[in-house]
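Visitor: For reference, the sequence and a predicted model appear below.
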Amino acid sequence: MRFEEYLKEYPVIAILRGIVPDEVAEVCDVLYENGVRLLEIPLNSKDAVKSIEIASKHTEGRQLVGAGTVLTPQEVRIVAAAGGRFIISPNTDPAVIRETVALNMISIPGFLTPTEAFTAVAAGADYLKLFPAGNFGVEYIKAIKAVIQKPILAVGGVDALNISEFMEVCAGAGVGGAIYKPGTSIADIARNTAAICSAVKQ
């Protein structure tokens, strides 16, 4: 199944910042059981590439795994070799976007201003990640959408209390600490994900 179809099925990307290889399989399983189909492993996590490899193999055919905090074209190639299927960045770098597109991966660069958004679109981005969304809110996204046609994902400060508002104007959201952070138990990950799911469906 393609990224777009998974996002429509459940419009949340779980950001697994700080995850380590030994816990990847179990975390992927509990997220899948609670509806999450898209998993982001940021490259500034310890042994991130190994975790991406494990997650990609473990979830093949049921979830898609990508990398976050991707800053260079070389990192895009490393993620592709590890089995990652989408690339998320905190910034707008045309070289990273073009390399992602060239490798037939989904490109999701971060932006804040209209200029950055237009730069990302011109370079071939598939989605735009507004970061940090929680600091700017829904009204800012509405204003951006008046001139930007690409689907926008809200990332940064999104949780069960505000995700339903973002879903009114966004194609999806990336959720990190409200679902997972290092040390979170499997039971708590399940509860957190269920709370996000319930809020999305409101």
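Guide: Everything's here; your move. Numbering: from 1, shown residues only.
Visitor: Gly124 is in contact with Leu103, isn't it?
Guide: No - Gly124 is not in contact with Leu103 according to C-beta atoms under 8 Å; the separation is 11.6 Å. (Each C-beta comes from the backbone N, C-alpha and C, glycine too.)
Visitor: Which one's more surrounded, those two?
Guide: Leu103 (17 against 14; other C-beta atoms under 10 Å).
Visitor: Contacts only, for that one.
Guide: Shown in contact with Leu103 (C-beta atoms under 8 Å, 6 or more residues apart in numbering): 76-77, 80.
Visitor: Closest one of those to Ile144?
Guide: Ranked by distance to Ile144 (C-beta to C-beta), these are led by Val76 at 25.4 Å.
Visitor: Next, give phi and psi for the residue nearest to Leu31 when sequence neighbours are not counted.
Guide: Spatially, and ignoring its direct neighbours in sequence, Leu31 is nearest to Ala14 (5.4 Å; C-beta to C-beta, 6 or more residues apart in numbering). For Ala14, the backbone dihedrals (degrees, to the nearest 10) come out as phi -80, psi 120.
Visitor: Then Gly177?
Guide: According to degrees, to the nearest 10, Gly177 has phi -60, psi -20.
Visitor: And the strands in the protein?
Guide: 12-15, 38-42, 64-68, 86-88, 106-108, 110-111, 128-130, 152-155, 172-175 (DSSP state E).
Visitor: Could you export the ones you listed as JSON lines, including mean neighbour count and mean pLDDT?
Guide: JSON lines is the format used below for these (neighbours: other C-beta atoms under 10 Å; pLDDT from 0 to 100):
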{"stretch": "strand 12-15", "mean neighbour count": "28", "mean pLDDT": "98"}
{"stretch": "strand 38-42", "mean neighbour count": "26", "mean pLDDT": "98"}
{"stretch": "strand 64-68", "mean neighbour count": "27", "mean pLDDT": "98"}
{"stretch": "strand 86-88", "mean neighbour count": "27", "mean pLDDT": "98"}
{"stretch": "strand 106-108", "mean neighbour count": "25", "mean pLDDT": "98"}
{"stretch": "strand 110-111", "mean neighbour count": "24", "mean pLDDT": "97"}
{"stretch": "strand 128-130", "mean neighbour count": "27", "mean pLDDT": "98"}
{"stretch": "strand 152-155", "mean neighbour count": "26", "mean pLDDT": "98"}
{"stretch": "strand 172-175", "mean neighbour count": "26", "mean pLDDT": "97"}
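Visitor: In contact with the residue lying closest to Ala199 once chain neighbours are set aside, which residues?
Guide: Of all residues not flanking Ala199 in the chain, Ala160 sits nearest, at 4.5 Å (C-beta to C-beta, 6+ apart). Taking C-beta under 8 Å, 6+ apart, we find Ala160 in contact with 178, 192, 195-196, 198-199.
Visitor: Good, we can wrap up now.
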